[in-house]
Structure formats: C-alpha cells, structure tokens
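Participant: Coordinates for the following, if possible.
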Amino acid sequence: MKSIPTLIGGVSQQPAHVRSSDQLESQTNGWSSIALGLSKRAPSELIKRILDTNTTDAFIHTINRDVVERFVVVIADGRIRVFDMSGNERTVRAAYGWEYLDGVTRFSEDINATTVADYTFIVNRKKTCQMAAMGADTQPDEAYQIWLNRRIGQDTNGDPFGPAERYQYPPNPVIAALSGVVQRFDKLPETANEGAVYRITGDESTGFTSYYVRRSGGVWDECVAPNQINAIDYRTMPHALISEIDGSFTFAPFSWAPRRVGDYDTNPDPAFIGRPITKVFFYQNRLSFLVDENCVMSVSGDFGNFWRMTQLDYLESDVIDIGATSTRVSRLIDATTHNDGILLTSDQTQFSLTNGELGVTTASLAIRPTTNFAVNARAGLTPLGSEIYFAVERNGHAMIREYTRLAGSDATTAADVTAHCPRYIPAGVHQIVAADDLSTLFVLTDGAPSSVFVYQFYWTSSDEKAQSAWHEWQFAEGSKVVSAAYLNGDVYLIMAHSDGLYLERIELEPAAKPVQADNQIYIDRRTVIRGVYDPVADLTEFVLPYLPSTQDGFRLVRSKGFTSQAETLIDPDTYRWIAPTVIGVIGQHQTADVLAGQEYDFSFELSTQYVRNSRGEAITTGRTQLRTMSISYTGTAFFSTSVSPYGLTPNVEEVLPAKLADFTGKVLGSESLKLNQPAYHSGSYRFQIYGQNTSARIKISNRTHVACTFVHAEWEAQYHNRSRTI
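Facilitator: Down below sits the predicted model:
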C-alpha cells in the first residue's frame, strides 16, 4: 500500500514518474488549501447587473480607503460606475462630463488608475497631454476642478466644501513685457515700477544661471518669463474621482500647477507634454507618471506640481524626470514598488529605480536595467508580498515569472513558476490579480475567456516553497471573465453574459456561506428569489434576475426557511420554463426563499501512480496492477468516483458518505439530495480499480450544490518484476 500525503499540488504537465506525489493530472473548480485540503471552489454570487448590453470590455479598480469605505470602480461604455461591497450603486457626477474618456478603444487596455487617500487618479492612455492657451495661467481654476484638501459638494450644514475663492494653485500675475536685463541681483533698479520684470543673466557665483524676477509690494520675487505658455491643459491630463460626504462620487479634472519660474529652456515643459501617459502610480509622497522612456515624479507632497520651484537651486522636493537608458528601445509600460525602490518594465527590459540615503531626490536616484524578459504589456506587473509577477508569452502559451531580489545580494531573478506546466495557460493574458493574504494569483486570458487560472503557493520559514499549485476555474460556457479584483477575502469579477455585464463576487473565506443557509451552497451566479404560488395550476413561479447560461444546468435550492427540507434541491425534472427568465415548479414552494444559480463541476484526476524505491524514484520496469484506492475526506456530503481501468469507458459511482450502508457498502446517489437534508461526514471511502497503473484513469468529481473536501489518498497494488512479486 502506498500513500498520497496531500492532494494540493495542483496540475503538472511533467512526465508522471517525475511529478511530486501531491500533483495531479487535472484539476477544475477546486481550491487547494495547505490547512484544509482540496475542496470545491466557492461559488460566484450575483451582486449587480451593471450594463444591459453584452460588452466584453471594462476596466475595474478597487478603492480600499479603510475597513468601512471599500468600493469597486467599473469603467465601461464611456462612463464610470461605483459600487460598494454590498452591490449598492453610488451616484457618480461628472462635473465636466465624460469627455476625458473619449477616444478609448478598449477600456481594459486604455485606462489606468491609482488611489491616493481620497483621490483616485484615472488616466486615459489614448489622450495626449497638452499645454493650455497663452494667458491661461493668469486665470483661476474652474469651479468644477478638484484639488487637494478640497471637495465639491455640501457638508451636513449645507455649506460648500472649500470656499470658491480658495484655490490650490493661485494664478500667475499678468506679465506684459520684459522691463530689462541685468547680470546680478544687486544690479536691479531700486526705483523700478510695481510689476516690472527683469531677467538676471547670472555670473560665476550663480553658475551663470539665468532667471526672472518681478517687482511686487516693494520686493523682487522670482517669476516666469513674459509671453510664454505656462498652464497645463487640465482637459488632457488625468482626472480625479473623489467620494463626497453624502456617499456619492465626483469625477472631474484635477488642478495642475502652472510654471511659476524660468522659461522654456531653464524650466522646460514636463516630459508628458505632447505625449500620452502610460501609467500613474504613487511613490514616496509623489504622484508619478510613465511617459515613453521617462518616469516623471511630482514635487514631493504636491501632487499637481511638475515644475521646478526656483531656478537658483535644486531642491530635494523638486520635480524628478528620469529616463531609462538601454541599447533597446525601452518605452516604459508599467511600474510597481519593490522592496528597495521601483521596478519598471518595457516590453523587453526591466529596470530598477532605487534611491540612496537622501531619499527620492534628483541627486540620489539611480535607474539601471536588471533583467531582459519579454513582458506581456497588457497584464503588466503585479506585486504580491516581496515578489512581483508578470506574464511572458510564446508559442501560444503563457508563462508566469516571479521576480524577486536574492537574499544578501543585489542580484535579481525571475523564476518561471509555470515551469512544471508550460502549456497550461493559453496566450492572451490581460490581467494578473494578487491576493496577498491568501498567497494566490488569479490570471485572466483571452485564450480561455470563461476561465480563471489560479496559482496558490506557500513559503516555509526556510524560504522554500511547500506548495506551488496551478489549477483552473471554469465558468459557464459562453460567458467571459472581463476583469477581476481582489479585496478583503473576496474576488470580484466583471462577467459578460449573453444578456449584459454583471458584477459577481466569490467569497474565499473558509467559513463563508449565504445567510439563507447553514452551509455553503455551490451554485454559480447565486441569487435569492421567492416564488409565487398559483393554487389553480398548482405551480410556483420564480422570476429570475438574469438569463440563465443554460436551462439544463440551472438549479433551485431550498433555504433553511424550508425547515424539514433545508438545503435540498428542488427536483429539476419538475421545472417548467414559462419564459427565458421564469421557472414554474410543480407544487407549493413559496413558503421561504430559494437560492438559484448555475451548477458547476468540481473534478480532479490523479496522476499515474508508480511504485517507488527508497530514494523516492519511480520504478518504471515491471507491471503495477492497481487494486483499490482509498480517499480520505472531511465535511463532505457528496462526490462521485470515475474509474477507467483500461483508459476507456469509466465506471462511475455516486457517493453520499454519511449514507453508506455499514455492511454492504452500497452507494447511494445524488437523487437523495432532492429528498433529504444534506448530511456532512468525515472519513475514508475505498473503491476498486483493477487496472494497470499506466492505463487506469482515476477521477473524483462533484457537480452538486453540496460541499466536498479531500485530504489524502492511498492505493493498493500488486507489483510484478519478471519472476518476482512484491
């Protein structure tokens, strides 16, 4: 007898005789927990239909302000919608309209966002940033613009947020013409008129730095040169989304500082002028943009200011504009914070931007290439703990690499975490979502639009991976997982179905369950409905909030309100489809809520089993004849075994563990789930195989609405090697 200690190793495409004992041939709709074992994944729960049209394009962003204020932002169909964690939609006012989103061809690719405290900065990657008209810097901001520490709206007393006359960036004074030129500051005329502007060319004491001053209130203030365009056109720049005190949101242009000193040469336009912004992020109290080969950071603590503050000296808080240099064309596409700075990437080269002891200043920043991997630009970089993950695609498949800093050195590495399943994830990866507290990645790809590929891992205290498991979640055929986000134990999915775009949620907490039941109910797109009984026709009608993916796989499960039949399945044979979204059920079923949704199949297939020597190496000579398999389970109400002894027609047994006959071992099938309350049981089930190890296929599955969890397995076999039998 041989033991399989765990079943949480995920899928491996290596030859079976070199796989780890816990790796599987296949796994669908499972969840591999180090602590609990291999279970059926949690179901998706319907939150809201967010679009009636069947679009497959949307951008999703989460706002995690604190434990109370958490929101999902959905940008699709040319507008922004915000939902709280209960699915309630919040009002979003576009103070300047939705013009900034014009020109977007694919929201999932062309939009980028980051949240800093109360401000979510949204970037349209198709929008070219421009300077405003001459003289725009002498005008105050528009009333609808957003700036730091100011909101649009009214407080509980009816007073507006931020007096209208108080602006973040006051306008520049009007400068008509240059009054004169001097070499040094002490050469300025003492009797100059108010508003006079002089250019100081500088001498050796100032490094021949040229600057401008203006007479104001009897003193000379540094200013800009006359006849310049100094204001940034806010209509072409990233906009801000902020929450108001009444729970609504406002989307409007942000306020951007004008050039206040110098001229085009000494204080040039920011690098993003004339070019689109690729990425917005926040680092060391600076709002930062990626533009072509440059990383541009705002003045420290002043998110809207991208200009030098004085021409006479470089301040540590000044704007930073640093380029990534390489022998290749390196247009930066993504950036994320790392354990010692920022990791930036182009489509072929990765760069590390680090700062010294002085912090983030022009003098201390250094940027250098580190690795040369062809990164999938759509998915970009995803940080998780101390590692960063990205996709690399070739030959129709995707690999996921894990970028990390090697302990005790400056060297970096990007290990391939799909090395044991190189042809598992189809090409076309468009999003990688990290769940930090679960040590899990969720990968979305156009190559399998109705699937999510899941990577679960676990690091031991000695920096070794005890788990590195890939597996697949499959949703209804014909649907598409448009986008995803993870927040506080829940995976939020934007799902495209035939009748619209939906927001759905998967709760990954081990004890998660609907309030209408005492146990988890495993049906996707789960929703709660109440029937209406027609005594004349003896029919209960249920009106569904969406069009089911398939009528054959749609299920109605009684809630705990049906005291004697709690969590039982209303027999699908009694369903009568009155309309595409209306089910009639024979009999009276309106006394309590019913949970409705699509059934989905959890399954896993064991790897080919081999007799192994004392070193753990598979013995491939001789003949191994499998006799029986025992599988241990906990908290399980149903599963089925499928055994193909010779790799052909399978023998299927449906198992209700708590109802197995003590003496005969007779198996009771899923029909019992329509009659009796599910009974959860822990134990071990033994079933026959009687086939050669290399040809026998052993599969465990569960398509019902009840739970199953598998801990480990054992198998019994006869091994023949020439004339010897072991």
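Participant: surely Val72 meets Thr62?
Facilitator: Yes. Counting by CB atoms under 8 Å, Thr62 is a contact partner of Val72 at 5.8 Å. (Glycine included, C-beta is placed from N, CA and C.)
Participant: Quick check: pLDDT value at Thr563.
Facilitator: Thr563 carries a pLDDT value of 89.
Participant: Number of residues surrounding it?
Facilitator: Neighbours of Thr563 under the rule other CB atoms under 10 Å: 10.
Participant: so what's it up against?
Facilitator: By CB atoms under 8 Å, 6 or more residues apart in numbering, Thr563 lies in contact with nothing.
Participant: how close does it get to Ser12?
Facilitator: Per CB to CB, to the nearest Å, Thr563 is found 47 Å from Ser12.
Participant: What's the end-to-end length of stretch 350-370?
Facilitator: 6 Å (CA to CA, to the nearest Å).
Participant: and if you look at stretch 170-189?
Facilitator: Stretch 170-189 has an end-to-end distance of 28 Å (CA to CA).
Participant: Ok, stretch 597-611 next?
Facilitator: 44 Å.
Participant: Buried residues, that stretch. List them.
Facilitator: Residues of stretch 597-611 classed as buried by neighbour count (16 or more other CB atoms under 10 Å): 597-600, 602-611.
Participant: Next, count neighbours for the spatially closest residue to Leu148 that is not a sequence neighbour.
Facilitator: Spatial nearest neighbour of Leu148, chain neighbours left out: Gln168 (5.8 Å); criterion: CB to CB, 6 or more residues apart in numbering. Applying other CB under 10 Å, we find 20 residues neighbouring Gln168.
Participant: Quick check: Gln168 touching Asp141?
Facilitator: Yes. Here Gln168 lies in contact with Asp141, judged by CB under 8 Å, at a distance of 7.4 Å.
Participant: Mutual contacts of those two, please.
Facilitator: Common contacts of Gln168 and Asp141, defined by CB under 8 Å, 6+ apart, comprise Trp147, Ser255.
Participant: wait, what's in contact with Glu7?
Facilitator: Glu isn't right for residue 7; it's Leu. Asp22, Leu24, Ser32, Gly37, Leu38, Phe604, Phe710, Val711, His712, Ala713.
Participant: Ramachandran coordinates for it?
Facilitator: phi -130, psi 30 (degrees, to the nearest 10).
Participant: Distance from the chain centre to stretch 127-138, please.
Facilitator: 35 Å (CA atoms, centre = their mean, to the nearest Å).
Participant: Over to stretch 550-561?
Facilitator: With CA atoms, centre = their mean, you get 30 Å for stretch 550-561.
Participant: And the helix or strand where Ala484 lies, what does it pack against?
Facilitator: According to DSSP states H and E, Ala484 maps onto strand 480-487. In terms of contacts (3 or more CB pairs under 8 Å, 6 or more residues apart in numbering; DSSP states H and E), strand 480-487 is packed against strand 59-64, strand 70-76, strand 429-435, strand 440-445, strand 451-459, strand 490-497.
Participant: List the buried residues for the fifth one?
Facilitator: Along strand 451-459, the positions that meet the burial threshold by neighbour count (16+ other CB under 10 Å) are Ser451, Val452, Phe453, Val454, Tyr455, Gln456, Phe457, Tyr458.
Participant: same check, this time on the second one
Facilitator: In terms of neighbour count (16+ other CB under 10 Å), strand 70-76 has its buried residues at Phe71, Val72, Val73, Val74, Ile75, Ala76.
Participant: for the first one, same thing?
Facilitator: By neighbour count on 16+ other CB under 10 Å, the buried set for strand 59-64 is Phe59, Ile60, His61, Thr62, Ile63.
Participant: residues in contact with the first one?
Facilitator: If you count contacts by CB under 8 Å, 6+ apart, Phe59 has them with Val74, Ile75, Ala76, Phe107, Ser108, Ile111, Ala113, Ser483.
Participant: what's the most distant pair in the residues you listed?
Facilitator: Ala76 and Ala113 (13.3 Å; CB to CB).
Participant: Strands along the stretch 151-300 of the chain, start to end?
Facilitator: Secondary structure of the stretch 151-300 of the chain (DSSP state E, counting those that start in this stretch): strands at 180-182, 197-200, 211-216, 219-223, 239-243, 249-253, 279-283, 286-291, 294-297.
Participant: Tabulate those in TSV, adding columns for mean pLDDT and distance to Thr349.
Facilitator: Shown next, in TSV, are the strands of the stretch 151-300 of the chain (pLDDT from 0 to 100; distance: least, CB to CB, whole Å):
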stretch	mean pLDDT	distance to Thr349
strand 180-182	92	46
strand 197-200	94	43
strand 211-216	93	38
strand 219-223	93	40
strand 239-243	93	31
strand 249-253	94	34
strand 279-283	93	16
strand 286-291	94	14
strand 294-297	92	14
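Participant: and Pro650, which of the ones you listed is closest to it?
Facilitator: Checking those against Pro650 by CB to CB gives strand 279-283 as the closest, at 50.3 Å.
Participant: so how far is Ile494 from the closest residue to Asn64 other than its chain neighbours?
Facilitator: Residue nearest to Asn64 in three dimensions, not counting chain neighbours: Arg70, with 5.4 Å by CB to CB, 6+ apart. Arg70 sits 17 Å away from Ile494, going by CB to CB.
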